[in-house]
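Undergrad: A predicted structure for the sequence below; I have some questions about it.
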Amino acid sequence: MRNELQMRGGILGGLVPLIILVCGLVWLSVAERGGTKPFWACAWIAIAVGVLLAKDPKEYCRALMRGIGDKTGIVIVTAWLFAGVFGELMKAGGLVNGLLWMGMTTGAQGSVFVSMVFFAAMLFSVGTGTSTGTCIALSPVLYPAGVFLGADPAMLALAILSGAAFGDNLAPVSDTTIVSAYTQGATMREVVRSRFPLSISAALVAAVVFAALGGGGQPSGLPEIKAQLDATGLVMLLSLVIVVATALCGRHIIEALIYGNISAALLGLLTGRISPGGLFNIPEKRGLSTGIIENGVNSVVGAIIFAILILAVTQVLVESGIMRRILEMAERAVVKTVRQAEAFIVGITILASIPISANAPAELLVGPSLVKPMGKKFGLAAARRANLMDCAVCTLFFTLPWHIAVAAWYGAVYAAAQQYNIAAPPISVALYNPYSWTLLAVLIFSIITGWNRKMIPEGGEEESEEYNSEN
């Protein structure tokens, strides 16, 4: 057993890197300058200060390297690379235009159209795995279309945000799904299958809210948006089916994502939405993009580097014994039963997500060091731990205006309103996000009643082959 990493000042000295990191993240987030790339500097400063406080700087650096080289991080980074390309392929293949066609050709108006917008946003976010991308892609077309079709502006805007949160919560290509699964040692099949009842229950209740409150406006025509209709974009959903089906069949998530990438590229080429040169080409000038593949990889570089830095900082916290002491304090003061352990997991995850403007890093902070040991102590299965954590970061996170997804959503909605000279709701309406609150209610119900709870079977729980790189 490795000796604890000794820091000057004891527990306080060991907490300094975490305090610096969190304070930096909060500062940037409240100033609405948050993002994975700006967060790099916070993590860098935290690591640099930490080495000055270590009694054995050499061992401190070794701890950092163990965190960076952790098998959890390796799986997450690799999965993100292919998930990023998949999302870019889905957008380039015209999925937005296809979903717009689906909503505009049915003759739906008012609350019916709001419900369809919610469903379209759910499909897009599940297909691309990005809540921010969903808001940016769909708001410019679906928001003005809905207003001109008699929808309530606030509920219409919230339908887009709620649908984006649903995909972030459930999609196998979502960063939060990937992080929650592999920090807990769960397979994607276990996670998606067992999380679906939680996510869809919350979505159904939210859909009732949108159907009841989404109307009230006066319909009118909007020929500019009708010109963008293209049903062929819906073909791209076949690639999503391939990814989900492959993952649910028990294949490795990287394998599933590769099949999804290949099928999305082929479908885009067949429909004419993507050209061979659009996928990959020799740029005219140095520094220009080589195509969709490069853009997809580049879209996740910021998240990958920040994840690596987070893993380094949390490894120092683990090896210095701080996380162990936090767990012991929680167990002595609060956690005595399985229900309390689940409430602790949900509570600590929500607390970590409130100040930080990105929710996957919040999972990285608490997942390996607090959620996993607490859950295993009380016999919670890996998928259950992952589901509690992932659902938790998709509740209040999607209601607070300093978070990246909410800021991107409102920016896109406001820009669309300005372009078409229509009303835009205040950003404070995010506080009423139906899916976030219904998901929190579903979580509380699940904890109290034990519904959807899965325990570690007798004989112990082995880490999944996807997670355990040695298998």
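TA: Done, it's in.
Undergrad: who are the contact partners of G94?
TA: Counting by C-beta atoms under 8 Å, 6 or more residues apart in numbering, G94 makes contact with D230, T232, G233, M236, G268, T271, R273. In short, each C-beta sits where N, CA and C put it, glycine included.
Undergrad: per-residue pLDDT, it?
TA: According to the predicted model, the pLDDT of G94 comes to 84.
Undergrad: where's it relative to F119, distance?
TA: Computed with C-beta to C-beta, to the nearest Å, the distance linking G94 and F119 is 18 Å.
Undergrad: same question for G150.
TA: Counting by C-beta to C-beta, the gap between G150 and F119 amounts to 18 Å.
Undergrad: do S239 as well
TA: 19 Å.
Undergrad: low-confidence ranges in the stretch 1-150 of the chain?
TA: Filtered on pLDDT under 70, the stretch 1-150 of the chain yields the residue ranges 1-2, 29, 32, 34-35, 72, 103-104, 107.
Undergrad: how about the helices in it?
TA: Secondary structure of the stretch 1-150 of the chain (DSSP state H, counting those that start in this stretch): helices at 10-30, 36-53, 57-68, 71-92, 95-104, 110-128, 131-148.
Undergrad: tell me which other helices or strands the third one touches.
TA: Using 3 or more C-beta pairs under 8 Å, 6 or more residues apart in numbering; DSSP states H and E as the contact test, the elements touching helix 57-68 are helix 36-53, helix 292-319.
Undergrad: tell me which of these sits most buried.
TA: helix 292-319 (a mean of 21; mean count of other C-beta atoms under 10 Å).
Undergrad: from what I can see D152 touches A211, true?
TA: No: the pair formed by D152 and A211 falls short of the contact definition of C-beta atoms under 8 Å, at 11.7 Å.
Undergrad: common neighbours of those two, please.
TA: Applying C-beta under 8 Å, 6+ apart, one finds that D152 and A211 are jointly contacted by S111, V114.
Undergrad: what about those two, which has more around it?
TA: Between D152 and A211, counted using other C-beta atoms under 10 Å, D152 has the larger neighbour count: 21 against 16.
Undergrad: residue contacts, the more buried one?
TA: Counted by C-beta under 8 Å, 6+ apart, D152 has contacts S111, V114, L213, G214, G215, G216, G217.
Undergrad: most neighbours, which of the residues you listed?
TA: Neighbours here mean other C-beta under 10 Å. Within these, the largest count is held by V114, at 33 neighbours.
Undergrad: next up, the contacts around it.
TA: If you count contacts by C-beta under 8 Å, 6+ apart, V114 has them with G146, A151, D152, M155, L156, A159, F210, A211, G214, G215.
Undergrad: okay, S263: pLDDT?
TA: The pLDDT attached to S263 in the predicted structure is 94.
Undergrad: okay if I get the contacts of V114 as JSON lines plus secondary structure and distance to I45?
TA: Formatted as JSON lines, the entries for the contacts of V114 read as follows, by DSSP: H, G, I helix; E, B strand; the rest coil; distance: C-beta to C-beta, whole Å:
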{"residue": "G146", "secondary structure": "helix", "distance to I45": "44"}
{"residue": "A151", "secondary structure": "coil", "distance to I45": "46"}
{"residue": "D152", "secondary structure": "coil", "distance to I45": "45"}
{"residue": "M155", "secondary structure": "helix", "distance to I45": "42"}
{"residue": "L156", "secondary structure": "helix", "distance to I45": "42"}
{"residue": "A159", "secondary structure": "helix", "distance to I45": "40"}
{"residue": "F210", "secondary structure": "helix", "distance to I45": "43"}
{"residue": "A211", "secondary structure": "helix", "distance to I45": "49"}
{"residue": "G214", "secondary structure": "coil", "distance to I45": "46"}
{"residue": "G215", "secondary structure": "coil", "distance to I45": "51"}
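Undergrad: helix/strand/coil for the nearest residue to T78 once chain neighbours are set aside?
TA: Taking C-beta to C-beta, 6 or more residues apart in numbering, and ignoring the residues beside it in sequence, T78 has I254 as its nearest neighbour in space, at 5.8 Å. Using DSSP: H, G, I helix; E, B strand; the rest coil, the secondary structure recorded for I254 is helix.
Undergrad: what sits against I254?
TA: Taking C-beta under 8 Å, 6+ apart as the definition of contact, the neighbours of I254 are T78, A79, F82.
Undergrad: just the buried residues of the residues you listed.
TA: Of the members of those, the ones counted as buried by neighbours, 16 or more other C-beta atoms under 10 Å, are A79, F82.
Undergrad: picking up where we left off before, how about the contacts of D152, which pair is most distant?
TA: L213 and G217 (12.0 Å; C-beta to C-beta).
Undergrad: any idea how far Y259 is from G278?
TA: 20 Å.
Undergrad: again, but for N295
TA: Counting by C-beta to C-beta, the gap from N295 to G278 is 10 Å.
Undergrad: just A46 next, same as before
TA: The span separating A46 from G278 equals 40 Å under the rule C-beta to C-beta.
Undergrad: and the gap between the most centrally placed residue in the chain and P457?
TA: By C-alpha atoms, centre = their mean, the chain has its centre lying nearest to T176, at 3.7 Å. Distance from T176 to P457, counting by C-beta to C-beta: 26 Å.
Undergrad: kindly report the same for N261.
TA: In this structure, N261 lies at 35 Å from P457, with C-beta to C-beta as the measure.
Undergrad: could I get the buried residue list for stretch 188-204?
TA: For stretch 188-204, a neighbour-count test (16+ other C-beta under 10 Å) marks M188, R189, E190, V191, V192, S194, R195, L198, S199, S201, A202, A203 as buried.
Undergrad: oh, I was asking about stretch 256-273
TA: Of all the residues in stretch 256-273, those buried under the rule 16+ other C-beta under 10 Å are 256-261, 263-265, 267-268, 271, 273.
Undergrad: from those, pick the one nearest K55.
TA: L257 (43.2 Å).
Undergrad: quick one: contacts for the closest one?
TA: The contact partners of L257, by C-beta under 8 Å, 6+ apart, come to A79, F82, A83, F86, V173, V243.
Undergrad: quick check: the farthest pair among those?
TA: Greatest spatial distance among the contacts of L257 (C-beta to C-beta): A79 and V243, at 11.3 Å.
Undergrad: now do the helices in the stretch 151-300 of the chain.
TA: Secondary structure of the stretch 151-300 of the chain, counting by DSSP H, counting those that start in this stretch: helices at 153-170, 175-183, 188-213, 223-226, 237-248, 253-271, 276-279, 292-319.
Undergrad: roughly how far is whichever helix or strand comes after the longest one from the heart of the chain?
TA: To tie it back to what came earlier, the one meant is helix 292-319. For helix 292-319, the succeeding helix or strand toward the C-terminus, using DSSP states H and E, is helix 322-333. On the basis of C-alpha atoms, centre = their mean, to the nearest Å, helix 322-333 is displaced by 28 Å from the centre of the chain it belongs to.
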